[in-house]
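1. Got a sequence here, can you model it:
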Amino acid sequence: ISREWLNKFNTFAEPGPITNHNFLCTHGGIPPHKYHYIDDLVVIVPQNVWEYLYSRFGGGPAVNHMYVCSVCQVEIEALAKRRRTEIDTFIKLNKAFQAEESPSVIYCISMQWFREWEAFVKGKDNEPPGSIDNSKIAVLKGGHMQ
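-> Numbers count the residues shown, from 1 in each chain. Got it, this is the predicted structure:
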């Protein structure tokens, strides 16, 4: 049972329904990044205690088997691979660009978007920035963005 919910139970007259979602992923397992400190997040209770608390407060889900979620692990590995690929490609292309004496074409990217992308590839943000958005640096001329 969630240690967080159990603390509410111990301090509030009505703690609300049991919620174990603070230590479970959407697939019902333990997210890989929480595995090493799961003992700080849960309290193991006997089945009869769980049944009493559940009948009185409802909620859940019941957890009688804790495991690291393999789906989340695959997603984390895929995200790490994407980060490595993107940063390696950027470094390679940037070095090639820097080596050119006078490039025939130069493209601009919004610093706001670039910082979001940089935070993603450095692992500071788990969400990729999405499509490049240059609307803040482009000018509308003759009905076209330039």
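2. pLDDT below threshold where in this structure?
-> 145-146 (pLDDT under 70).
3. Which residue ranges of it form strands?
-> 18-19, 59-60, 140-141, 144-145 (DSSP state E).
4. In CSV: the ones you listed, plus mean neighbour count.
-> Every residue, glycine included, has its C-beta placed from N, CA and C. Listed next are the strands of the chain as CSV, based on neighbours: other CB atoms under 10 Å:
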stretch, mean neighbour count
strand 18-19, 20
strand 59-60, 16
strand 140-141, 8
strand 144-145, 9
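5. Of these, which is nearest Asp39?
-> strand 18-19 (18.4 Å; CB to CB).
6. For Ile109, find the nearest of the strands of the chain.
-> strand 144-145 (13.8 Å).
7. Contacts only, for Ile87.
-> 121-122 (CB atoms under 8 Å, 6 or more residues apart in numbering).
8. Could you pull up phi and psi at the residue nearest the centre of the chain?
-> In the chain, the C-alpha nearest the mean C-alpha coordinate belongs to Asn126, at 4.5 Å (CA atoms, centre = their mean). Note on Asn126: backbone dihedrals following degrees, to the nearest 10 are phi -80, psi -10.
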